[in-house]
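Visitor: task: produce atomic coordinates for the following.
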Amino acid sequence: MDYNVSTVTWVLIATALIYFMQAGFALCEAGLTRAKNTGNILMKNMMDFCIGTPCYWLVGFGLMFGSTSPLIGRLDPMIRGLYGAENTVVPQTMPLWCYVIFQTVFCATAATIVSGSMAERTNFKAYCVYSAAISLLVYPIGGQWAWGGGWLSGLGFHDFAGSAVVHNVGGVIACLGAWMLGPRIGKYDREGKVKAIPGHNMMAVALGVFILWFCWFGFNGGSTASMADGADAFHASLAFMNTNLAAAVATVVTMVFTWLRYGKPDVSMTLNAALAGLVAITAGCDCVTPFGAFVIGLVAGVLVVFSVEFFDNVAKIDDPVGAVSVHMVNGIWGTLAVGLFSNGEDGVMTGLFYGGGAELLGVQALGILAIDVYVLIVMFIVFKAIDAVIGLRVPAQVEIDGLDLHEHGLASAYSGFAISDVTNMVMDVNENTDLGEGEYDRASDAQIRAAVKVVDTSGVTAAKASGAGSAKASAGASTDLPAAAGAIPDSGIYRLSIICRLNKFDELKQRLNELGVTGMTMTQVMGCGIQRGSSERYRGAIVDATLLPKVKVEVVVARISVDKVIEAARKALYTGHIGDGKIFVYNVLHVVKVRTGEEDFAALQDVE
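Guide: Predicted structure coming up:
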């Protein structure tokens, strides 16, 4: 067996890197969607690869590389036929199975792109079926036309690593699927105005982008499918250089562009831009100069922003992760860019800007059009059939509750971080093993039967009594607790619950510590208040201002004056703007220290 060991090693390493892109896609998609669907996202990213692998082995590879006929390869179940140089384009410098697994991971990439755009409302059974269809019938045909010796390759169509064949195909299916599904519940109001649905974990998104960027060196550089001589080394090196440059430029451009457009640099859009630049350079990374890569990345950085806004606001296609804008739109741009910036080396026609005329640009446009028309027709039929037999979308109640629960029996993908039946993360900031002045009975309000005084830290005070009416007072009014009708006498022990901004927590904690309040509990919560007119944006859409991140700080005091605690808290939290927070004061009926059995005031002391 006369195989080139360097080539085999190079291709297998690239294959491993491309496979690991599945982890990057999973992290990006999970982070850009809501926590209640995380398990579903992870399952889909696992299963599209695991379903696609045997499907591509059974049918897809034969259809793609079985012959050099113009339209289709051949049906070769389980790849048992011969793939020689006389009837296929399969390289003879490596074992057949080396090339098969290399092409398999490309196929899996096209399939996994779809899950993000159709996230949070797709029937899992339906997803498994159409993932199989992509690997069996859809991806291999376009791939044969461009890479398998088909009619497009005969015209001189050039797609080095898959802007058209992989990313555009996945993006087109994603766009069609998201359109047929319809938007998520709550994405648009009754007037059709878009509402932001922020992703729950930007850390996961950023990590996913870093992984994808790293693996893209294998995706593009490894597409030489050879490392036999100096020419292969040159093209691999150029692919690495152009890949990195285009991605970096696109990222910077989007950061600056969203900063100017929205007033602040958009995090998720900037992360999307890195992927947009990577997709755009994939077709021509071997045949454009670094200057060409710079321009391709620059355009991609602007294009991804306008595209996300267009599909959100005009087309009304709900794409939670921006896959359509990243993969379809920039896949098309990258394919056409070859016709503009190709330098004419290594057998590729020269592009328009390098004196080659419009011939290559026309071929590239024809190729992308033909592939997209085929994909749209076949996948429309597939989606319609699935919808009729299985159902493409989950019921509304399933979508509202979350797909993790109903589709997978998973109460939460973050169960280790959940407190009882809520999803807020709690940070205990007590500084003592047995809490002193900060300890309080965690019984419910109904059990405590406490009178309540509400203090608005922005300057308005409202007093309320449990079971009684309410009274208004000025900010400087006495903090004596009002007596409820039939209330139990004042115990002298009070619980204060302070709702405030997260960025004020450290200052609040310091002021309370200075008073002698050394124990407290802080909970991260979402506050629903009266704030209006928010100008904050997520992916270009205004974020709903009625639900804002807050913290709830709770302390219990007996010796320390409630007035002093309230005054210290107000000084720490006051800015004069709506949203400074409120302070709730409760009369605690009874306190018991579990360890010693001490009660009331004695239970709050740390002395033995």
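Visitor: C-alpha only now, for contacts and for neighbours.
Guide: OK.
Visitor: and the spatially closest residue to residue 292 that is not a sequence neighbour, how close does it get to residue 18?
Guide: Excluding the flanking residues, the one nearest residue 292 by CA to CA, 6 or more residues apart in numbering is residue 341, at 5.8 Å. Between residue 341 and residue 18 the distance is 26 Å, computed by CA to CA, to the nearest Å.
Visitor: the nearest residue to residue 60 once chain neighbours are set aside: how many residues sit nearby?
Guide: Leaving out its chain neighbours, the residue that sits closest to residue 60 by CA to CA, 6+ apart is residue 136, at 4.9 Å. When neighbours are defined as other CA atoms under 10 Å, residue 136 has 24 of them.
Visitor: from what I can see residue 136 touches residue 59, true?
Guide: Yes. With contact defined as CA atoms under 8 Å, residue 136 reaches residue 59; the gap is 5.9 Å.
Visitor: which secondary structure elements does the host helix or strand of residue 366 contact?
Guide: Assigned by DSSP states H and E, residue 366 falls within helix 359-389. Contact partners of helix 359-389 among helices and strands, from 3 or more CA pairs under 8 Å, 6 or more residues apart in numbering; DSSP states H and E: helix 124-133, helix 169-181, helix 330-341.
Visitor: and of the ones you listed, who's closest to residue 596?
Guide: Checking these against residue 596 by CA to CA gives helix 124-133 as the closest, at 53.3 Å.
Visitor: so what does the closest one touch, helix or strand wise?
Guide: Using 3+ CA pairs under 8 Å, 6+ apart, helix 124-133 sits against helix 38-55, helix 359-389.
Visitor: check which residues of the longest one are buried.
Guide: Okay, so that is helix 359-389. 359-361, 363-368, 371-372, 375-376, 379, 382-383, 386-387 (16 or more other CA atoms under 10 Å).
Visitor: that one: what's the following helix or strand?
Guide: helix 396-401.
Visitor: kindly export that following helix (C-alpha atoms) in CSV.
Guide: The C-alpha trace of helix 396-401 is given here as CSV (Å, rounded to 0.1, in the frame of the first residue of the first chain):
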residue,chain,number,x,y,z
ALA,A,396,-47.4,25.5,23.1
GLN,A,397,-47.4,24.2,26.7
VAL,A,398,-44.3,22.1,26.0
GLU,A,399,-42.5,25.1,24.5
ILE,A,400,-43.4,27.3,27.5
ASP,A,401,-42.4,24.7,30.1
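Visitor: starting at the chain centroid, how far to that helix?
Guide: When C-alpha coordinates are averaged (CA atoms, centre = their mean, to the nearest Å), helix 396-401 and its chain have centres 20 Å apart.
Visitor: sorry, back to before: centre of the chain versus the helix holding residue 366, how much separation?
Guide: Centre to centre, stretch against its chain (CA atoms, centre = their mean), the figure for helix 359-389 is 26 Å.
Visitor: next, the angle from that helix to helix 330-341.
Guide: Counting by axes from the mean of the first three to the mean of the last three CA atoms, to 10 degrees, helix 359-389 lies at 170 degrees to helix 330-341.
Visitor: what's the model's confidence in helix 359-389, averaged?
Guide: The pLDDT scores in helix 359-389 average 97.
Visitor: circling back: now for the residue nearest to residue 292: which residues touch it?
Guide: 287, 288, 289, 292, 350, 351, 352, 353, 354 (CA atoms under 8 Å, 6 or more residues apart in numbering).
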